[in-house]
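Novice: Model the following, please.
(one chain, ligands or ions: 2)
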Amino acid sequence: MKFVDEARIHVKAGDGGKGCVAFRREKFAPRGGPSGGDGGRGGDVRFQVDPHLTTLLDFQFRPRHFARNGQPGMGNDCNGRSADPLLLRVPVGTVVVDEASGETLFDLSTPDQEVVVARGGKGGLGNMNFANSTRQAPRFAEPGEPGEERHLKLELKLLADVGLVGLPNAGKSTFVSHVSRARPKVADYPFTTLVPSLGVVAYKDGRSFVVADLPGLIEGAHAGAGLGHEFLRHVERCRLLVHLVDCSADEPGRTPLGDLDAIDRELALYSPDLPKKPQIVAGNKVDLPEARARFEKLRRALKRRGVEALPVSAATGEGLEAVLDRAAALLFAREGR
Ligand SMILES: Nc1nc2c(ncn2[C@@H]2O[C@H](COP(=O)(O)OP(=O)(O)OP(=O)(O)O)[C@@H](O)[C@H]2O)c(=O)[nH]1
Ligand SMILES: [Mg+2]
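Specialist: Ligands and ions are numbered 1, 2, ... in the order given. Now for the predicted structure:
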């Protein structure tokens, strides 16, 4: 399951209508004065945050969005009509980046928030505005201003309830494929998962929540090492983290506790908010006897810190239900359902 979370689009606001050159022509008013009205404003292109949307898929299929132009001014002092704004709906969590400058324009995180991403051009003034005592018959009017035009990159931070973090090879993808219908690639080498993907966990009583399988983190990830930096921003929006520790890893100098602390350090370095998120620690691969033994050491060490560790085997499914129960308790307690 690939999760669409990026789109490139081209938006253009409407041009302002041009001002009109016209003169009054009435039976009893010979040489009537100028009467050309102003052009209307071009329509803005606006984004509106819609909490019901979850992907940027629509934008991938329709990348061009042009608002209407303002009407030109008319004779008889009539101004042209301004065009209505073009409202485009985007999901909560959409980040809008200007392609030309690379600048982040908006981080749209509030439902129903509305922002202007391209401003409509002002209408031109009609010739009636240019008459004065010495110039009674101006034969010119202003053109309308062009509407703003922009190439935008939209990025959607994944909205998962639970983010799976851990070193490469910890078994994150195996975990997600066991608890959901998502089938991310699982393999016996690090950096198998290159992009985040989501799985929906059908929990008890028709309740469900979304788990994100994330690429493995390594030391230095917060500064861009490995694949970390790319997707650490997705972790920011998860409500809780499940930290998977590979208890089978058998390399000199490496321990489950050391692995756990290394990842926690990366998270903290990336953002001070990440350590504040609720975290469930799960020691994986306890189906292997030597992993089981290492897990017990991890459990004792964490107990001294007042932290509980749960034994799991993502491969056999052992212990996974306890992790889901814990996650559901944290998620649904806060929602009050
Ligand atoms: N014995 C055993 N092996 C496991 C278990 N969970 C995962 N594995 C194996 O560990 C290897 C890595 O699993 P993945 O699920 O791809 O690990 P990952 O954390 O997604 O790795 P990256 O995507 O590279 O970060 C695979 O060979 C899995 O079969 C487990 O509970 N027990
Ligand atoms: Mg993986």
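Novice: Just the pLDDT for the closest residue to G16 other than its chain neighbours.
Specialist: In space, and not counting its chain neighbours, G16 is closest to G144: 2.9 Å by CB to CB, 6 or more residues apart in numbering. Quick note: C-beta positions are derived from backbone N, CA and C, even for glycine. What the model reports as pLDDT for G144 is 97.
Novice: Please report how far G144 lies from D15.
Specialist: Look at G144 and D15: by CB to CB, to the nearest Å, they are 5 Å apart.
Novice: Tell me which of these two has more neighbours.
Specialist: G144 (29 against 25; other CB atoms under 10 Å).
Novice: mind checking which helix or strand the more buried one is in?
Specialist: Under the criterion of DSSP states H and E, G144 resides outside all helices and strands.
Novice: now do G283
Specialist: Under the assignment given by DSSP H and E, the secondary-structure element containing G283 is strand 279-284.
Novice: quick one: that strand near ligand 1?
Specialist: Yes - using CB under 6 Å from any ligand atom as the criterion, contacts between strand 279-284 and ligand 1 involve N284.
Novice: immediately after the lowest-mean-pLDDT helix or strand in the chain, which helix or strand?
Specialist: Averaged element by element with mean pLDDT, DSSP states H and E, the chain has its least confident helix or strand at helix 228-236 (a mean of 71). Sequence-wise, the next helix or strand beyond helix 228-236 is strand 240-246, with elements assigned using DSSP H and E.
Novice: partner strands of that next one, parallel or antiparallel?
Specialist: Using DSSP bridges, the neighbouring strands of strand 240-246 in the sheet come out as strand 162-165 (parallel), strand 279-284 (parallel).
Novice: what's the next secondary structure element after it?
Specialist: Scanning onward from strand 240-246 (DSSP H and E), the first element met is helix 256-270.
Novice: Return the list of helices and strands in contact with the host helix or strand of R150.
Specialist: Assigned by DSSP H and E, R150 belongs to strand 149-156. The criterion is 3 or more CB pairs under 8 Å, 6 or more residues apart in numbering; DSSP states H and E, and the helices and strands that strand 149-156 contacts are strand 6-12, strand 94-98, strand 114-118.
Novice: in its sheet, what does the last one sit against?
Specialist: Using DSSP bridges, the neighbouring strands of strand 114-118 in the sheet come out as strand 45-50 (antiparallel).
Novice: what's next to the strand it pairs with, contact-wise?
Specialist: Among residues not part of strand 45-50, those counted as contacts by CB atoms under 8 Å, 6 or more residues apart in numbering are 11-13, 65-67, 85-92, 94, 96, 106, 108-118, 148.
Novice: by how many degrees do it and strand 6-12 diverge?
Specialist: For strand 45-50 against strand 6-12, the angle by axes from the mean of the first three to the mean of the last three CA atoms, to 10 degrees is 140 degrees.
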